[in-house]
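In: Predicted model follows, preceded by the sequence.
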Amino acid sequence: MRVLRVSHSAVVDAWRESERLLRRQGLRVRILSARTWDEGGRSVRLVARPGEDVQGVRTFGRHPALFLFDPRPLWRALGEEWDVLDVHEEPYALATAEVLALRRLRRALSGGQHATAPYILYSAQNIAKRYPVPFRWLERWALRGASAISVCNEDAGRIARAKGLRGRVEVIPLGFDPALFHPGTSEPPSAECGPGAEAGTGLGPVRVGYAGRLARHKGVHVLLDAVAGDPRLRVAFAGAGPDEAVLRERARPLGDRVEFLGPLDTEDLPAFYRSVDVLAVPSITTPGWVEQFGRVALEAMACGTPVVASETGALPDVVGGAGLLVAPDDPEALRAALVTLSTDPALRDRLGRLGLARAATSTWQAVAERYRRMYEEIVPRRPARHAAATGGLPAAQPSTPDPATARPEVVVVAYGFPDLVRTAIAPLARNHPVTVVDNSSLAAIRAVAADLGAVYLDPGRNGGFGAGVNHALAHRQAPGTDVLLLNPDATIAPDDVDELHRALRARADLASVGPTQTDGTGAPARTRWPFPSPARAVAESVGLGRRGRPRSAGGRGYVIGSVLLLRAEAIEDVGGFDEDFFLYAEETDWAYRAQRRGWRHVVVPTAVATHLGGATSSDPVRREVHFVAAQERYLRKHFGAVGWAVARVAGIIGQGLRGAVRPGPPGHEAARRARLYLRGPVQVERRMMAGQARVDHDLPEVPP
């Protein structure tokens, strides 16, 4: 595989490590970087290692969003054949528009003969900013054509999707070198305190570390106030920035309790992290900035140093339960956490171990592996002869199995609940290839998969059910075979899977089949439904919805996705799931697209499965929000804004009337759903997932 990567920040030697690792795996990766760039207040000059395929390009401008490259090296590089173009710049940046414009011009001047590789973008922007013209136009243009985007935090991915991204979202952390950042063999950081016996008394001094820019949005003033309030606390600031003079003046009354070390080289940071009892990352949120990652927290955890961080931006995801989180801009809360962590040996040791495990998921090796998988997912499959000629892919490809005789691959998309995952896959693991996609990145689920011989995939993000299925399809154990989707709260016997497979292969026009289902009590559950539509929404609002129930296992409609066998040829023809559907309606949308291409979906009465339903969620209100939001997305996609408006009005009126006339819980639920339709389901869901509002605040219960 041949990858061209354009990244001005690759001027920093350490930040090219993932590309060096990819080259060792057989990929050809060329980097075009800035010749010099201002990183952390210092001018960094590109110095290539011997044999490293990196070229420095002259730049015009110094702002990351407003600079341009010398177009000549870009033009020459784009004239070569590449499998992937990785533009590691923000979608709204002028440099991004420059690269993509040159790419398009290359193709136009060749009369369409010059193949253009799919391209990837990068974003860390986790605030939904509306940029002035022409930047928002450039951003939308770049996003709509991208095959994927790599982001370092979940919010950046959601914002990219909202602004027009159609491709994949891959959350890839900022990496670190474990050979440099590790606990080491030095003595405890503080002789007077630290994890020794005296620390437990809380009498000795506590050395707090801070590494980063000395600027207000980084919360340095909050940290200084926290330290000032307790004579046991000392702080060492490693860094420089615009607030340094003010900070020094405010620190003057504290004397030698405050140290200013200036900016440290990367090679000096591990010793600094090991020299402190705790690292503070006190970032605050401002109208124009929120913490986008927090690499220093990761580096400190890799060195075995516990972390106290503000609960803002991407910091909770980076720390991931391996440190203490406090409210931002709260000196008292920060002070209490620093003292508690530094004077509680058991807590310090536990968080130190958790921090090491957490950091291990973000080594450069782990980052390189995620980039490799992303590249492989977006590169079109090529004939073996051509692949061997371009390098990276093997010349001999394995033969495709016959889907009519090969056992289907079982795919489980999990988010927590390892016991349910075990129960779901245990009956099938001996007879079928099983793949578990873990959207929660839990070690317990990885252990279940390993114990039962299943393939474990960690996409590094919770993109929802559809994204999880697509991730499994992109990493098939046996490409070309049928796929059984199985919810973690569902079980089916191997014989019933065989029955489904026989039924699917008995007719050439079947895209999917599902079993009859029972719930946890043995009662039958409905598995086949008509496709949603504005007309059906109106009918349901006046109590005629049951007339739309299919009268047999055949005919038009779809089968629910809790236990669903998909035909390999239909997957190839229709494509994967639409990842805009976070939860619910993914299979409805896929089945509808398949039906429009001539495929059908049926229930197989002779196959039976058990589905608990809702067992992987303890919050029925959140499930309701996701369900109705999925209906809005489906109707908008297939019937337009007018179709959704009709269904929305019908929902408001129908559910409102039910809420008014039905007593007890059914009436309360109907009234809540009417409010959900009124507020806009997708908007409520976005606020709920962004943590900007509580569901019980947006949709309060009506008192009985």
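Out: Perfect, I can see it now. Numbering: from 1, shown residues only.
In: For R633, give me its contacts.
Out: Counting by Cβ atoms under 8 Å, 6 or more residues apart in numbering, R633 makes contact with 580-581, 585, 682. In this view, the C-beta of every residue, glycine as well, is placed from N, C-alpha and C.
In: Just give me the neighbour total for G463.
Out: Residues lying near G463 (other Cβ atoms under 10 Å) number 24.
In: Can you give me the separation between it and S562?
Out: Distance, G463 to S562, using Cβ to Cβ, to the nearest Å: 19 Å.
In: Now A148: phi and psi?
Out: phi -160, psi 170 (degrees, to the nearest 10).
In: So it sits against E376, correct?
Out: No. The pair A148 / E376 is not scored as a contact, 11.0 Å apart, by Cβ atoms under 8 Å.
In: neighbour count winner among the two?
Out: It is A148, of A148 and E376, that has more neighbours when counted by other Cβ under 10 Å, with 20 against 17.
In: any idea of the pLDDT on the nearest residue to that one once chain neighbours are set aside?
Out: Closest residue in space to A148, ignoring its immediate chain neighbours: R168 at 4.0 Å, by Cβ to Cβ, 6 or more residues apart in numbering. R168 carries a pLDDT value of 84.
In: For R168, give me its contacts.
Out: R168 touches 147-149, 374, 377-378, 467, 470, 579, counting by Cβ under 8 Å, 6+ apart.
In: Over to R350?
Out: Contacts of R350 (Cβ under 8 Å, 6+ apart): none.
In: name the element it belongs to?
Out: Using DSSP states H and E, R350 sits in helix 345-359.
In: Are we agreed that N431 is in a helix?
Out: No. N431 is assigned coil when assessed by DSSP: H, G, I helix; E, B strand; the rest coil, not a helix.
In: excluding its backbone neighbours, what's nearest the residue nearest in space to the middle of the chain?
Out: The centroid of the chain falls nearest to R461 when counting by Cα atoms, centre = their mean (3.0 Å). Closest residue to R461 apart from its sequence neighbours, by Cβ to Cβ, 6+ apart: V171 at 3.8 Å.
In: The one you found bridge partners, please.
Out: V171 has the following beta-bridge partners by DSSP bridges: V151.
In: from the contacts of R633, which two are the most distant?
Out: With Cβ to Cβ as the measure, no two of these lie farther apart than A585 and V682, at 11.9 Å.
In: rewinding a little: can you tell me how far the residue nearest to R461 is from G463?
Out: Looking at V171 against G463, where the rule is Cβ to Cβ, the gap reads 8 Å.
In: Can you name the element that comes right after the worst-scoring helix or strand of the chain on mean pLDDT?
Out: When the helices and strands of the chain are scored by mean pLDDT, DSSP states H and E, helix 384-390 comes last with a mean of 33. Once the chain leaves helix 384-390, the next helix or strand it forms, by DSSP H and E, is strand 409-414.
In: Can you spell out which helices and strands pack onto that following strand?
Out: helix 418-425, strand 434-438, helix 465-474, strand 483-486 (3 or more Cβ pairs under 8 Å, 6 or more residues apart in numbering; DSSP states H and E).
In: what's the pLDDT at the closest residue in space to E244 that isn't next to it in sequence?
Out: In this structure, E244 finds its nearest non-sequential neighbour in L214, 4.5 Å apart by Cβ to Cβ, 6+ apart. Listed pLDDT for L214 reads 94.
In: related to what we said a few turns ago, list the residues that contact both of V171 and G463?
Out: With Cβ under 8 Å, 6+ apart as the test, V171 and G463 both reach G157.
In: Wasn't the residue nearest to E244 part of a strand?
Out: No. In this structure, L214 is coil, not part of a strand, as judged by three-state DSSP.
In: Just to check, it is in contact with D243?
Out: Yes. Here L214 reaches D243: they are 5.0 Å apart, a contact under Cβ under 8 Å.
In: Next up, the contacts around V559.
Out: So V559 contacts 512-514, 527-528, 587, 591, 601-603 (Cβ under 8 Å, 6+ apart).
In: The same query, at a cut-off of 7 Å, please.
Out: 512-514, 527-528, 601, 603 (Cβ atoms under 7 Å, 6 or more residues apart in numbering).
In: Just send those back as TSV, with pLDDT and secondary structure too.
Out: Below are the contacts of V559 laid out as TSV (pLDDT from 0 to 100; DSSP: H, G, I helix; E, B strand; the rest coil):
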residue	pLDDT	secondary structure
S512	95	strand
V513	95	strand
G514	95	strand
T527	90	coil
R528	90	strand
H601	94	strand
V603	95	strand
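In: which residue ranges form the helices in the stretch 151-300 of the chain?
Out: 154-162, 220-228, 244-251, 269-275, 295-302 (DSSP state H, counting those that start in this stretch).
In: Which among those helices is found nearest to D330?
Out: Closest among the helices of the stretch 151-300 of the chain, using Cβ to Cβ: helix 220-228, at 7.3 Å.
In: which other residues reach that closest one?
Out: Contacts of helix 220-228 (Cβ under 7 Å, 6+ apart): 208, 210, 214, 233, 235, 243, 247, 250-251, 254, 257, 280, 282, 284, 329, 331, 334-335, 338.
In: just stretch 677-688 next, same as before
Out: Stretch 677-688 is contacted by residues 622, 625-626, 628-629, 632-633, 648, 651-652, 655, 676, 693, 695, 698 when judged by Cβ under 7 Å, 6+ apart.
In: buried subset of the residues you listed?
Out: Buried subset of those (neighbour count, 16 or more other Cβ atoms under 10 Å): 622, 625-626, 628-629, 632-633, 648, 651-652, 655, 676, 695, 698.
In: In the protein, where's the longest helix?
Out: In the chain, with assignment by DSSP state H, the single longest helix is helix 620-661.
In: Give me the distance between that helix and the centre of its chain.
Out: 27 Å (Cα atoms, centre = their mean, to the nearest Å).
In: just the angle between that helix and helix 465-474, please?
Out: Angle, helix 620-661 to helix 465-474, by axes from the mean of the first three to the mean of the last three Cα atoms, to 10 degrees: 140 degrees.
In: buried sites along whatever helix or strand comes next after helix 620-661?
Out: Using DSSP H and E, the helix or strand that follows helix 620-661 towards the C-terminus is helix 664-679. Residues of helix 664-679 classed as buried under the neighbour-count rule (16+ other Cβ under 10 Å) are 667-678.
In: cool, and stretch 369-382?
Out: 369-379.
In: Now tabulate these in TSV and tack on distance to A523, secondary structure and pLDDT.
Out: What follows is those, written out as TSV (distance: Cβ to Cβ, whole Å; DSSP: H, G, I helix; E, B strand; the rest coil; pLDDT from 0 to 100):
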residue	distance to A523	secondary structure	pLDDT
E369	45	helix	91
R370	44	helix	90
Y371	48	helix	93
R372	47	helix	92
R373	42	helix	88
M374	44	helix	90
Y375	48	helix	92
E376	44	helix	87
E377	41	helix	81
I378	45	helix	82
V379	48	coil	79
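In: Output stretch 30-40 as CSV - backbone C-alpha positions only.
Out: Presented in CSV, the C-alpha positions along stretch 30-40 are these (Å, rounded to 0.1, in the frame of the first residue of the first chain):
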residue,chain,number,x,y,z
ARG,A,30,5.9,9.4,2.1
ILE,A,31,5.5,12.6,4.2
LEU,A,32,5.4,16.2,3.0
SER,A,33,5.9,18.4,6.0
ALA,A,34,6.8,22.0,6.7
ARG,A,35,10.5,22.9,6.6
THR,A,36,10.2,24.8,9.9
TRP,A,37,7.3,25.4,12.2
ASP,A,38,6.6,27.1,15.5
GLU,A,39,5.8,24.3,18.0
GLY,A,40,5.1,25.3,21.6
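In: what mean pLDDT would you report for that stretch?
Out: Here stretch 30-40 scores 90 as its mean pLDDT.
In: what's the answer for stretch 9-19, then?
Out: Here the average pLDDT along stretch 9-19 is 93.
In: quick one: which of the contacts of R168 is nearest to P532?
Out: P532 lies nearest to E579 out of these, by Cβ to Cβ, at 19.2 Å.
In: Which strands border the strand or helix carrying R30, and is each parallel or antiparallel?
Out: R30 is part of strand 28-34 when elements are defined by DSSP H and E. Strand pairing for strand 28-34, determined by DSSP bridges: strand 2-6 (parallel), strand 54-57 (parallel).
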